[in-house]
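> Need coordinates for the below:
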Amino acid sequence: MSLTYAPTLSMRDSVEIAVPNKIAWKLFYDMQIIVGMANELPNESARAHETLYVCNQVVDNYDWHDAEGSLQKCLQITGAFLSKKAAPNVHRVTAEGNW
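So this is what the prediction gives:
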């Protein structure tokens with residue numbers, strides 16, 4: 001008895017390769033953080049209103065005809081928001097300890 005390879009009809013003749021778009025994924029994670037902030041911050045806080053404004057800016061600036069260019073622009077918008085310092089009246093936590 002000899003074994004031979006016989007392709008079946010269910011096998012594909014081509015292979016699909018997916019290459020992740022790192023810029024799109026970074027924007028996705030930035031938006032996850034911003035939407036999480038919008039959900040968790042008190043509704044009356046200025047920072048909560050800023051989160052909604054930033055989300056709106058991202059949606060307005062995305063152009064699927066120029067995906068790469070608009071992704072960069074949207075990433076700049078989210079990056080600028082996330083790099084802002086917190087308000088000066090918030091708590092600052094520091095810790096010291098001994099080994």
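
> What ranges in the chain fall below the confidence cut-off?
By pLDDT under 70, the low-scoring segments of the chain are 1-13, 99.

> all helices of it, in order?
Assigned helices in the chain, in chain order: 22-40, 46-61, 67-82 (criterion: DSSP state H).

> in the second one, what's buried?
Put plainly, it is helix 46-61. Within helix 46-61, the residues that count as buried by 16 or more other CB atoms under 10 Å are 48, 50-51, 54-55, 57-58. Any C-beta I mention is one placed from the backbone N, CA and C, and that applies to glycine too.

> do the same with the longest one
Neighbour counts over helix 22-40 (16+ other CB under 10 Å) mark 27, 30-31, 34, 37-38 as buried.

> ok, now how distant is the spatially most central residue of the chain from Leu75?
For the chain, the residue nearest the mean C-alpha position is Phe28 (1.9 Å; CA atoms, centre = their mean). Look at Phe28 and Leu75: by CB to CB, to the nearest Å, they are 10 Å apart.

> what residues are shared contacts of these two?
Counting by CB atoms under 8 Å, 6 or more residues apart in numbering, Phe28 and Leu75 have no shared contacts at all.

> Next, format the buried residues of helix 22-40 as TSV and append distance to Glu96.
Below are these laid out as TSV (distance: CB to CB, whole Å):
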residue	distance to Glu96
Leu27	38
Asp30	33
Met31	36
Ile34	32
Met37	29
Ala38	34
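
> Tell me the one of those residues nearest Lys85?
Among those, Met37 lies closest to Lys85 (CB to CB), at 14.5 Å.

> Return the residues in contact with the residue lying closest to that closest one once chain neighbours are set aside.
Sequence neighbours aside, Thr51 is the residue nearest to Met37 in space, at 4.9 Å (criterion: CB to CB, 6 or more residues apart in numbering). Shown in contact with Thr51 (CB under 8 Å, 6+ apart): 34-35, 37-38, 41, 81.

> how does it look with 10 Å?
Thr51 makes contacts with 33-41, 45, 81, as judged by CB atoms under 10 Å, 6 or more residues apart in numbering.

> Noted, bye for now.
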